[in-house]
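1. fold the following and give me the result.
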Amino acid sequence: MVQSNKARKQRKAFYNAPAHIRRKMVSAHLSDELRKDLSIHAVQVVKGDVVRVMRGDEDVVDVEGKVTGVDTRSGRIVIEGITIAKADGTLVARPIHASNVEITKLNLSDPLRKQSLSKTKEVSQ
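-> Residues are numbered from 1 along each chain as shown. Here you go, the predicted structure:
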């Protein structure tokens with residue numbers, strides 16, 4: 001895949017990417033503690049990770065919660081406790097772009113994910 005610095009081409013590459021590549025694009029930075037422990041900067045966001053919102057509106061910044069859903073079509077994640085009111089007053093989940101969050105605790109219930117993270121740790125040492 002050819003890399004470009006142009007935002008227009010970055011967006012086009014994301015929207016036209018196949019599902020297995022788009023999944024890798026839905027990733028977020030790790031917290032300082034995890035970064036020191038695993039020796040990597042970013043990892044894919046999965047359901048069950050605990051994240052902290054770093055950028056956005058005042059009402060969502062610094063909110064920490066568990067990821068309840070990941071939408072690879074839009075690159076956004078749903079965090080429990082972050083909602084927005086609709087016109088009729090009902091609360092619905094507010095999706096947040098994965099690049100605007102920081103992972104503070106990883107969901108290691110998947111043995112393949114645990115294995116791949118331990119491999120990257122071994123390679124970096």
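2. mind checking the SS state of Leu117?
-> Leu117 carries the three-state label helix when classified by DSSP: H, G, I helix; E, B strand; the rest coil.
3. quick one: pLDDT of the nearest residue to it once chain neighbours are set aside?
-> Using C-beta to C-beta, 6 or more residues apart in numbering and skipping residues adjacent in sequence, the residue nearest Leu117 is Leu38, 6.0 Å away. Placement of C-beta: from N, CA and C, glycine included. Here, the pLDDT recorded for Leu38 equals 89.
4. and if you look at Gln125?
-> Taking Gln125 on its own, its pLDDT is 65.
5. cool, Ser74 as well?
-> At Ser74, pLDDT is 92.
6. residues near the residue nearest to Leu117, how many?
-> Residue neighbour count, defined by other C-beta atoms under 10 Å, stands at 16 for Leu38.
7. that one and Ala87, how far apart?
-> Going from Leu38 to Ala87 by C-beta to C-beta, to the nearest Å gives 43 Å.
8. now swap in Ala13 and tell me
-> Counting by C-beta to C-beta - Ala13 and Ala87 are separated by 35 Å.
9. show me which of those two is the more surrounded one.
-> Between Ala13 and Ala87, counting by other C-beta under 10 Å, Ala13 is the more crowded of the two (16 against 5).
10. check which element follows the helix or strand harbouring that one along the chain.
-> Using DSSP states H and E, Ala13 sits within helix 7-16. For helix 7-16, the following helix or strand on the C-terminal side (DSSP H and E) is helix 19-25.
11. can you give the distance of stretch 107-117 from its chain's centre?
-> Stretch 107-117 sits 16 Å away from the centroid of its parent chain (C-alpha atoms, centre = their mean, to the nearest Å).
12. any stretches of this structure with poor pLDDT?
-> 1-2, 124-125 (pLDDT under 70).
13. where along it do the strands fall?
-> In the chain, the strands defined using DSSP state E lie at 27-30, 42-44, 50-53, 64-71, 76-85, 91-97, 101-105.
14. contacting residues for Ala19?
-> Residues counted as contacts of Ala19 (C-beta atoms under 8 Å, 6 or more residues apart in numbering) are Thr72.
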